[in-house]
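1. From the sequence below, what's the structure:
(one chain, ligands or ions: 1)
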Amino acid sequence: MPAIRTDDLTRRFGDIVAVDGLDLEVRKGEVYGFLGPNGAGKSTTINMLLGFTPPTAGSGTILGHDIVEESLEIRQRIGILPEDFGVYSRLTARKHVEFAIDAKNADDDPDDLIKRVSLTDAANRKAGGFSTGMKQRLALAMALVGEPDLLILDEPSSGLDPNGAREMRAIIREENDRGATVFFSSHIMEQVEAICDRVGIMRSGEIVAEDTIDALKAGFDADARLVLTVDAVPEGMSAELEGLDGVGDVIVDGLDVIAVLADSGRKAAVINAVEAAGATVEDIRSDEPSLEDLFAALTNDDAPFGETAERNSEMIDT
Ligand SMILES: Nc1ncnc2c1ncn2[C@@H]1O[C@H](COP(=O)(O)OP(=O)(O)OP(=O)(O)O)[C@@H](O)[C@H]1O
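-> Have a look, this model is predicted:
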């Protein structure tokens, strides 16, 4: 039985199709990153999974329970960190965690959970005065109550400082090591790359690619980024290079000239054009695309990898 499964899950808001026939399967024990640009439908999907938003059509299960009919059973077994977590201003952090423990009939020590999210110094303060990152830490402490089988986290790192983001990663790993499945949405590619077993990339309400990050990258042309180190950058060279067939963006970073190639067969043409412009090429490298490049290719029509994206056999037809 998968941790999460959806069949043709759909949600419309008037004329807007926020989630369009989504078929998703998150396996037990994996860390699954749910990616997509603003407005792609991630939060709407999560809200349907959590029983906050009813689907217009389709169905879904979490740990075998129906997301519409059995949301109470589901809540007992999962930990959630919703988008826009609202605190009770007049209650302390400890009271919030105690509430969550009572609601789940769990026997956690609230102070242990508060310590895990580094809020010990603020445990007795009213949450109304908390910063965004502190509220996020508090929400995470509440999500961890009762050793949930599945954690569903909507942008868990939003509002966190770099230390907080690192701690969040560590907690996700610890929870996964204990056996929990983790499903989270994020815009932070380093975070995703560091902890996900698989990712699904959503666009306009549909999943456009789903696989391990390595497999997704392998489907792209590894030579797609050409980095030339030159002795000088003649004026107007970037514009000239961008005008070449098969060449997308050209970025100049000091004496490095980075050309994004839609066609990796155009390397020689770029090198010739750089030398024709009066520069000497001192070093040549080809970089593999980053997850950020993949994301751009799959979610942005103008992105330089758009054509290669379609060639990836792992890509799902849209
Ligand atoms: N309550 C609502 N009423 C009307 N439209 C909505 C509502 N909730 C979401 N939408 C629309 O549904 C689409 C998907 O939004 P959603 O919030 O799910 O995207 P998202 O992928 O989570 O975006 P972000 O990364 O910005 O959080 C958007 O066009 C949004 O405007």
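2. how about the residues of the chain near the ligand?
-> 13, 16, 18, 36, 38-44 (C-beta under 6 Å from any ligand atom). C-beta coordinates here come from the backbone N, C-alpha and C atoms, glycine included.
3. hmm, which of the residues you listed are the buried ones?
-> 18, 36, 40-44 (16 or more other C-beta atoms under 10 Å).
4. In CSV: those residues, plus pLDDT.
-> Shown next, in CSV, are these (pLDDT from 0 to 100):
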residue, pLDDT
Ala18, 97
Gly36, 92
Ala40, 93
Gly41, 95
Lys42, 94
Ser43, 92
Thr44, 95
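5. Sitting in helices, which of those do you find?
-> Residues of these located in helices (DSSP state H): 42-44.
6. okay, stretch 76-85 in CSV with CA atoms only?
-> The C-alpha coordinates for stretch 76-85 follow below in CSV (Å, rounded to 0.1, in the frame of the first residue of the first chain):
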residue,chain,number,x,y,z
GLN,A,76,-4.2,10.6,13.8
ARG,A,77,-1.4,9.0,11.8
ILE,A,78,0.2,11.8,10.0
GLY,A,79,2.1,15.0,10.9
ILE,A,80,1.2,18.1,8.9
LEU,A,81,2.9,21.5,8.5
PRO,A,82,0.3,23.5,6.5
GLU,A,83,0.9,26.6,4.4
ASP,A,84,0.2,29.8,6.5
PHE,A,85,0.2,28.1,9.8
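7. So which bits of it are buried?
-> Going by 16+ other C-beta under 10 Å, stretch 76-85 has these buried residues: 77-82, 85.
8. Using pLDDT, spot the least trustworthy of the residues you listed.
-> Least confident entry in those, by pLDDT: Phe85, with 83.
9. List the residues that contact that residue.
-> Applying C-beta atoms under 8 Å, 6 or more residues apart in numbering, we find Phe85 in contact with 135-136, 138-139.
10. Check Pro54 too.
-> Taking C-beta under 8 Å, 6+ apart as the test, what Pro54 contacts is 48, 68.
11. Checking it next. Helix, strand or coil?
-> coil (DSSP: H, G, I helix; E, B strand; the rest coil).
12. likewise Leu153?
-> strand.
13. Next one: it from Asp15, what distance?
-> Note on Leu153: its distance to Asp15, by C-beta to C-beta, to the nearest Å, is 30 Å.
14. With Arg169 instead?
-> 39 Å.
15. With neighbour numbers in mind, choose between these two.
-> Taking neighbours as other C-beta atoms under 10 Å, Arg169 and Asp15 compare with Arg169 leading, 17 against 5.
16. my read: the more buried one touches Val192, true?
-> No: contact between Arg169 and Val192 fails when scored by C-beta atoms under 8 Å: they sit 10.2 Å apart.
17. Give me the residue at the spatial middle of this structure.
-> Ser186 (3.1 Å; C-alpha atoms, centre = their mean).
18. Test my guess that that residue contacts Tyr32.
-> No: between Ser186 and Tyr32 there is no contact under C-beta under 8 Å: 10.9 Å.
19. All the helices of the stretch 101-250 of the chain, in order from the start?
-> Counting by DSSP state H, counting those that start in this stretch, one finds helices in the stretch 101-250 of the chain at the ranges 110-116, 132-143, 162-177, 189-195, 213-218, 237-242.
20. I am finished for the moment; much appreciated.
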